[in-house]
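S.K.: Everything below, folded, please.
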Amino acid sequence: MTAQVDYLVVLFTATSGASGELLGSDEKELVQLVWQLVDVKNKKVKVNSVGTGTSVCLCTDGQLHIRQVIHPEAANKNALVPDCFYSFFDLRKEFKKHFPTSDLKALNVHIMAEFTLPAEVAVQQVRVMASIILAMLSEPFCHTFSNPERVSEKFETGTCSKMEKVCDHTVIRARGLPWQSSDQDIARFFRGLNIAKGGAALCLNAQGRRNGEALVRFVSEEHRDLALQRHKHHMGNRYIEVYKATGEDFLKIAGGTSNEVAMFLSREDQIIVRMRGLPFTATHEQVLAFFSPGEGLKETCPVSGGKDGILFVRYPDGRPTGDAFVLFACEEHAQCALRKHKEILGRRYIELFKSTAAEVQQVLNRYSSAPLIPVAPAPLVSMVPAMSLLPPPGGARDCLRLRGLPYTASIEDILTFLGEFTHDIRPHGVHMVLNQQGRPSGDCFIQMTSAERALQASQRLHKHMMSSQRGANSRYVEVFPCSADEMGLVLMGGSLSHTHTHIHNRSRSGTGLSPPPCLSPPSYSFTPAPPVLPTEAAAALYPPIGQMLLTPRPLPPGHAYYPGAAQLYMNYTAYYPSPPGSPTTVGFFPSPSSLSTPGGLVRMPGLTYNSNGVKDLINAVQGYQVRDR
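M.R.: Numbering: from 1, shown residues only. All right, here's what the predicted structure looks like:
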């Protein structure tokens with residue numbers, strides 16, 4: 001709409017809550033809507049209805065009445081909004097455009113005065129706005145109302161290149177989203193604001209699952225600022241937190257370089273469904289057959305484009321990950337497909353989720369670029385002598401993996417379960433696996449003296465019952481032989497899902513990208529390490545505390561040691577020494593002990609606000625004693 005319209009509908013709204021510049025920010029209901037008709041050609045207020053063939057457009061005092069009140073409330077109540085509410089004139093912008101040097105403050109005070117008066121004065125406000133419009137239309141100003149503001153009717157999916165420049169002032173981060181929400185749900189939450197094409201990107205965690213966050217890119221800073229006013233508005237029964245984000249954050253999630261993904265997502269009006277848990281041997285034909293109607297069923301959910309509508313996710317070496325994305329032509333077909341959630345394909349049940357173009361790009365980026373074992377960052381104190389707690393590499397299957405342990409199981413319970421095979425455990429060879437919260441995960445690794453004894457133990461103990469002294473319940477435990485290489489892979493954050501498919505038939509993650517483990521080492525003594533630098537050089541480089549920082553002190557027996565190259569990035573394994581003397585608990589902090597030499601005071605400025613406290617400080621000075629104060 002570029003030509004001047006015939007009629008302007010001057011519109012004013014009020015809610016039961018905040019008004020003025022905060023109108024619509026508190027998610028209150030619309031309680032008042034007042035309007036008046038202005039005949040643009042004849043420059044007068046009209047009281048009767050308009051004739052046929054005339055053009056009509058809304059005109060409001062600012063953006064809030066349309067974008068922050070009418071459209072969000074219509075979305076919350078599933079009400080259809082007439083087409084005329086998708087374009088409007090912002091009287092403030094039109095006035096500023098026509099009078100660029102005028103004092104807008106006086107006009108704003110005049111226009112906003114009704115917010116401090118009783119609600120019935122809203123009629124007077126509409127009349128004031130109509131008077132301003134008539135003044136702008138009359139000579140000598142003769143203002144033309146053209147090019148109205150637009151409200152996007154629907155969210156457009158699309159791809160974003162990593163080379164694209166995204167303005168930092170157009171991106172927000174939404175937190176607290178329901179796990180099953182899609183990009184269309186996000187667009188519905190921000191109804192009335194214009195999201196850029198492909199600008200809703202759901203975030204995934206390290207396991208490839210949605211973490212309840214999304215990055216949303218808007219067409220302008222003005223729309224971003226309006227989105228921030230929806231902080232703690234509700235999506236269903238959950239409130240959503242809205243914060244500022246950067247263009248770099250958005251590109252990390254939604255940016256891509258794959259031509260295959262671009263071609264897959266190039267079709268318009270397609271609904272994407274994600275499949276998880278596919279057999280590694282799954283083919284296009286099997287996926288098409290999975291979505292075909294069964295015998296006696298009338299529901300159909302044909303895949304859009306046949307084989308071209310299926311995208312298998314693979315590792316860089318071509319191995320399948322068990323994930324795939326499927327296109328459907330319409331919402332009806334997609335909903336029919338989602339009803340097949342957890343149905344069987346081959347010998348596995350398949351999980352189905354409604355997905356987004358940004359999620360497709362994010363999953364492909366993750367599998368194609370991230371290594372199977374995350375690269376460890378450099379230790380904070382690079383000169384601390386490193387000490388490896390991982391088993392030496394080797395292909396011999398001389399280790400055991402125990403799965404399904406009772407969560408209350410102790411080392412004594414495991415040793416009782418192993419029975420005669422306890423004598424075949426190597427020193428420091430029992431490795432209990434903890435989850436990210438430090439609780440038992442039900443898994444355990446054991447290094448045996450030979451592959452023969454490991455095989456015998458697995459054959460004799462597989463699926464035998466294990467009881468816990470601290471719990472009344474008993475569970476059968478799966479026992480499998482594995483190699484030191486496979487054991488080290490898991491301890492460093494990988495997965496055995498591709499080397500032991502018979503082990504992880506149902507519980508595999510298949511990503512190899514789970515968070516890296518955290519090693520809590522055994523209690524033992526070690527020989528004092530020599531100073532890294534001579535005392536004189538240390539004092540010259542770091543006076544007066546250089547000697548304390550660069551000269552390791554011997555730890556007394558039983559003092560826990562935190563290796564410089566492991567503790568900083570490993571997250572879920574706890575090491576125990578072999579019997580006798582295996583502890584029943586895991587200690588994360590060194591026990592206090594007296595210092596043989598006087599200590600010094602170290603100041604550590606610049607600590608991060610999200611620090612984990614004492615544990616992070618201990619990690620920073622790992623291998624060195626700290627005076628107990």
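S.K.: can you pull the pLDDT of the spatially closest residue to Tyr86 that is not a sequence neighbour?
M.R.: Nearest residue to Tyr86, sequence neighbours excluded (C-beta to C-beta, 6 or more residues apart in numbering): Val151, at 4.6 Å. Yep, even glycine has a C-beta here, placed from its N, CA and C like the rest. Val151 carries a pLDDT score of 95 in this model.
S.K.: and Val151, what does it touch?
M.R.: By C-beta atoms under 8 Å, 6 or more residues apart in numbering, the contact list for Val151 reads Ile66, Arg67, His71, Phe85, Tyr86, Ser87, Phe88, Gly192, Asn194.
S.K.: State whether the second one is indeed within a helix.
M.R.: Read it as Arg67. Yes - counting by DSSP: H, G, I helix; E, B strand; the rest coil, one finds Arg67 located in a helix.
S.K.: What degree of burial does it show, as a neighbour count?
M.R.: 26 (other C-beta atoms under 10 Å).
S.K.: Which pLDDT value does the model give it?
M.R.: If you check Arg67, the pLDDT there is 95.
S.K.: Settle this for me: it is touching Leu193, isn't it.
M.R.: Yes - when contacts are counted by C-beta atoms under 8 Å, Arg67 is listed as touching Leu193 (6.0 Å).
S.K.: hey, what's in contact with both of these two?
M.R.: Common contact partners of Arg67 and Leu193 (C-beta under 8 Å, 6+ apart): Leu226.
S.K.: Which residues are in contact with Lys46?
M.R.: Contacts of Lys46 by C-beta under 8 Å, 6+ apart are Tyr7, Leu37, Val38, Asp39.
S.K.: can you pick the most crowded of the residues you listed?
M.R.: Within the contacts of Lys46, Val38 tops the neighbour count with 23 neighbours, counted by other C-beta under 10 Å.
S.K.: What pLDDT is listed against Phe12?
M.R.: Phe12 carries a pLDDT value of 91.
S.K.: Could you tell me how far it is located from Val81?
M.R.: Plainly put, Phe12 is 17 Å away from Val81 if you go by C-beta to C-beta, to the nearest Å.
S.K.: Pick out whichever of those two has more residues nearby.
M.R.: Each of Phe12 and Val81 has its neighbours counted (other C-beta under 10 Å); Phe12 has more, 21 against 17.
S.K.: so that one sits right up against Ser19, yeah?
M.R.: No - using C-beta under 8 Å, Phe12 makes no contact with Ser19, being 10.9 Å away.
S.K.: What helices and strands are in contact with the helix or strand in which Ala289 is found?
M.R.: Counting by DSSP states H and E, the element that carries Ala289 is helix 284-290. Secondary-structure packing of helix 284-290 (3 or more C-beta pairs under 8 Å, 6 or more residues apart in numbering; DSSP states H and E): strand 310-314, strand 344-345.
S.K.: Pull the number of nearby residues for Lys162.
M.R.: Residues near Lys162, counting by other C-beta under 10 Å: 12.
S.K.: still on that earlier bit, would you mind putting the CA coordinates of the helix holding Ala289 into CSV?
M.R.: The C-alpha coordinates for helix 284-290 follow below in CSV (Å, rounded to 0.1, in the frame of the first residue of the first chain):
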residue,chain,number,x,y,z
HIS,A,284,15.1,-44.3,2.6
GLU,A,285,12.7,-47.0,1.7
GLN,A,286,12.3,-48.1,5.3
VAL,A,287,11.5,-44.6,6.4
LEU,A,288,9.0,-44.1,3.6
ALA,A,289,7.4,-47.4,4.6
PHE,A,290,7.4,-46.4,8.3
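S.K.: So for that helix, what gets flagged as buried?
M.R.: Residues of helix 284-290 classed as buried by neighbour count (16 or more other C-beta atoms under 10 Å): Val287, Leu288, Phe290.
S.K.: and if you look at stretch 321-340?
M.R.: For stretch 321-340, the neighbour count (16+ other C-beta under 10 Å) marks 321-329, 333-334, 336-338, 340 as buried.
S.K.: Show me which of these is closest to Lys463.
M.R.: Here the nearest of these to Lys463, counting by C-beta to C-beta, is Gly322; it sits at 25.5 Å.
S.K.: The closest one and Phe280: what is the separation?
M.R.: 7 Å.
S.K.: Show me the domain layout of this structure.
M.R.: 7-150, 160-256, 263-358, 399-492 (the TED database).
S.K.: between those domains, which one is nearest to Asn365?
M.R.: Among the domains of the chain, domain 160-256 comes nearest to Asn365, with 5.8 Å by C-beta to C-beta.
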